[in-house]
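Colleague: Have a look at this prediction, sequence included:
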Amino acid sequence: MISVEDALSNLFDLVAPMGVEKVSLRHAAGRVLAENVTANRSQPPFDASSMDGYALRQAEVEPDAMFKVIGEAAAGHRFDGVVKPGQAVRIFTGAPIPEGADFVVIQEDTTRRGDLLMLGHDIDGKTNIRPAGGDFKAGDAMDAPRILRPADIALLAAMNIAEVPVHIAPQIAIIATGDELVQPGEMPGPDQIIASNTYGLAAMLEQLGARCRMIPIARDTVPSLTQAFKIAQAADLIITIGGASVGDHDLVAPVAAEMGMEQSFYKVAMRPGKPLMAGMLANTPMIGLPGNPVSAMVCGVVFVAPVVRKMLGLPAGSAPRLSLPLAVDLPQGGPRAHYMRALVKGGAVLPEGNQDSSLLSVLAQADVLMIRPAGDPERQSGDMMDCIAL
Ligand SMILES: Nc1nc2c(c(=O)[nH]1)N[C@H]1C(S)=C(S)[C@@H](COP(=O)(O)OP(=O)(O)OC[C@H]3O[C@@H](n4cnc5c(N)ncnc54)[C@H](O)[C@@H]3O)O[C@H]1N2
Ligand code: MOO
């Protein structure tokens, strides 16, 4: 049995970041930027008015000063002439500042009659001009890697980057194993249940940006599992669920071995999730998750999601932690790290009463996984605990 940390580091050794493809900006949200990109232009590309008003010379601003309005500058339509002493140009937000002007008086501070403009008495020193390149300059970079958020998409658009280099989404094959399983929506026999954790895992990994393919359920026979592995082999990562333990029908390890899998490790000192295995099947990394629904989902959070993040080009690291005070006292922990389903109440973390690894209802209402390291001592209410948000 190896530690969670060693298991994760072994898993990172099995995978490499995916290659790069260009996608249109419209399809880049949520993808991982793969190369630094640089702005094709500056924004704003010219000194621009930030208000509706009049462009003139700041040196001439004083109470009751009079100007002659000689033209208009609107967004998309600059004023071509030069503003000379005693002159002003009607200007609107977003318009280029005309040559000669260095100040915009907002229209609320003016009185206009025909071509004549008179300033009011309370004009402050704010120029109301956005300088050229004040947002970003041509050549400014957005650095990779980076998960592109909506604000990044807006920035890339303003930089006039219509095609974005992103990491190719890994294709993940998910194999459920077991004679007892049917797909959601099917009619289960009297001894059967519905495959659930495969769906939870696919949702988790697709949310990160992977593409998941549900392989037909492998039955508890060597030919059926062999067939499932063959179908899955074109994927970038194979995940099996179930059949990982020591029972007579737990065939994942022997069948994978028969097919030439180079095992990286088997069994991790954690609960739930002990019978986790991983290795290379031909050239495809494979992770075998335990079948208990909560075990598979916890292993998804602790191991598979970080592996997928590495494949997506993000830094290899464990799931992000937050630190929360414990709401209750806890007796000494066991020899395996315990990833406890827990609620967050009033800012404190409260482990749920029943930690059985079959209880999806408990997992679904949990806010965090609270981590008790292997050999954790007795804990008092108020002790700070590492948690992973769910
Ligand atoms: N003698 C021992 N028995 C078990 C041990 C052990 O160390 N010694 N470990 C236990 C632990 S811990 C776990 S976890 C399970 C893992 O077993 P498997 O990975 O072989 O999983 P299965 O036996 O196939 O299934 C376990 C359980 O989960 C249900 N299951 C399986 N796949 C799915 C699915 N896709 N969706 C929903 N539910 C699924 C399955 O019906 C079983 O109820 O082994 C313990 N036993
Ligand atoms: O480790 Mo099992 O995954 O405890 O239920």
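Modeller: Done, it's in. Numbers count the residues shown, from 1 in each chain. Ligands and ions are numbered 1, 2, ... in the order given.
Colleague: Let me see the contact set for Ala169.
Modeller: 18, 31, 209-211, 312 (C-beta atoms under 8 Å, 6 or more residues apart in numbering). Any C-beta I mention is one placed from the backbone N, CA and C, and that applies to glycine too.
Colleague: interface residues of this structure facing ligand 1?
Modeller: Within the chain, the residues that sit near ligand 1 (C-beta under 6 Å from any ligand atom) are 176, 178, 180-181, 193, 195-198, 241-247, 250, 272, 274-275, 290-293, 295, 357.
Colleague: if we go to 5 Å?
Modeller: Within the chain, the positions lying close to ligand 1 (C-beta under 5 Å from any ligand atom) are 176, 178, 180, 195-198, 241-245, 250, 274-275, 290-293, 295.
Colleague: Got a PyMOL select line for the buried ones in those?
Modeller: Per 16 or more other C-beta atoms under 10 Å, the buried members of the residues of the chain next to ligand 1 correspond to this PyMOL selection:
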select buried, resi 176+178+180+195+196+197+198+241+242+243+244+250+274+275+290+291+292+293+295
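Colleague: Okay, and which of the residues of the chain next to ligand 1 map to strands?
Modeller: 176, 241 (DSSP state E).
Colleague: which ones among the residues of the chain next to ligand 1 are found in helices?
Modeller: 197-198, 293, 295 (DSSP state H).
Colleague: Make CSV out of the residues you listed and add distance to ligand 2.
Modeller: Below are these laid out as CSV (distance: C-beta to the nearest ligand atom, whole Å):
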residue, distance to ligand 2
Asn197, 11
Thr198, 16
Pro293, 9
Ser295, 3
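Colleague: Filtering the contacts of Ala169 by proximity to ligand 2, which remain?
Modeller: Of the contacts of Ala169, not one also sits near ligand 2 (C-beta under 5 Å from any ligand atom).
Colleague: can you put those in JSON lines and add secondary structure and neighbour count?
Modeller: Listed next are the contacts of Ala169 as JSON lines, based on DSSP: H, G, I helix; E, B strand; the rest coil; neighbours: other C-beta atoms under 10 Å:
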{"residue": "Met18", "secondary structure": "coil", "neighbour count": "22"}
{"residue": "Arg31", "secondary structure": "coil", "neighbour count": "22"}
{"residue": "Gly209", "secondary structure": "coil", "neighbour count": "22"}
{"residue": "Ala210", "secondary structure": "coil", "neighbour count": "23"}
{"residue": "Arg211", "secondary structure": "strand", "neighbour count": "14"}
{"residue": "Leu312", "secondary structure": "coil", "neighbour count": "22"}
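Colleague: Tell me the one among the residues you listed nearest to ligand 2.
Modeller: Of all the contacts of Ala169, ligand 2 sits closest to Ala210, with 22.6 Å by C-beta to the nearest ligand atom.
Colleague: Return the residues in contact with the closest one.
Modeller: With C-beta under 8 Å, 6+ apart, Ala210 has these contacts: 169-172, 237, 308, 311-312.
Colleague: Repeat the analysis, applying 7 Å as the threshold.
Modeller: By C-beta atoms under 7 Å, 6 or more residues apart in numbering, the residues touching Ala210 are 169-170, 172, 308.
Colleague: Which residue, other than its chain neighbours, is closest to the residue in the chain positioned nearest to ligand 1?
Modeller: Proximity of the chain to ligand 1 (C-beta to the nearest ligand atom) peaks at Gly291, 2.4 Å away. Leaving aside its sequence neighbours, Gly291 sits nearest to Gly242 (C-beta to C-beta, 6 or more residues apart in numbering; 2.9 Å).
Colleague: ok, the one you found to Asn197 distance?
Modeller: Distance of Gly242 to Asn197, given as C-beta to C-beta, to the nearest Å: 8 Å.
Colleague: in the sheet, who's paired with Ile172?
Modeller: Taking DSSP bridges as the rule, Ile172 bridges to Cys212, Leu237.
Colleague: what about the helices in the protein?
Modeller: Taking DSSP H as the criterion, the chain carries its helices at 4-14, 150-158, 197-208, 222-232, 252-258, 293-299, 305-311, 360-365.
Colleague: on contacts alone, who are the packing partners of the second one?
Modeller: In terms of contact count using 3 or more C-beta pairs under 7 Å, 6 or more residues apart in numbering; DSSP states H and E, helix 150-158 is assigned the packing partners strand 141-142.
Colleague: residues in contact with the strand it packs on?
Modeller: In this structure, residues lying in contact with strand 141-142 by C-beta under 7 Å, 6+ apart are 33, 36-38, 152, 155-156.
Colleague: Whichever of those residues end up buried, select them in PyMOL.
Modeller: Buried subset of the contacts of strand 141-142, written as a PyMOL selection, criterion 16+ other C-beta under 10 Å:
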select buried, resi 33+37+152+155+156
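Colleague: Could you measure from the closest residue to Ala55 other than its chain neighbours over to Pro85?
Modeller: Distances taken as C-beta to C-beta, 6+ apart place Ala101 nearest to Ala55, at 3.8 Å, with adjacent residues excluded. Ala101 sits 11 Å away from Pro85, going by C-beta to C-beta.
Colleague: picking up where we left off before, same list, the ones in helices among the residues of the chain next to ligand 1, but as JSON lines with pLDDT please.
Modeller: What follows is those, written out as JSON lines (pLDDT from 0 to 100):
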{"residue": "Asn197", "pLDDT": "95"}
{"residue": "Thr198", "pLDDT": "97"}
{"residue": "Pro293", "pLDDT": "97"}
{"residue": "Ser295", "pLDDT": "97"}
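Colleague: before we move on, back to that, common neighbours of Ala101 and Pro85, please.
Modeller: Arg57.
Colleague: Looking at those two, which has the bigger crowd around it?
Modeller: Ala101 (25 against 10; other C-beta atoms under 10 Å).
Colleague: rewinding a little: residues in contact with the residue of the chain closest to ligand 1?
Modeller: Here Gly291 is in contact with 178, 241-244 (C-beta under 7 Å, 6+ apart).
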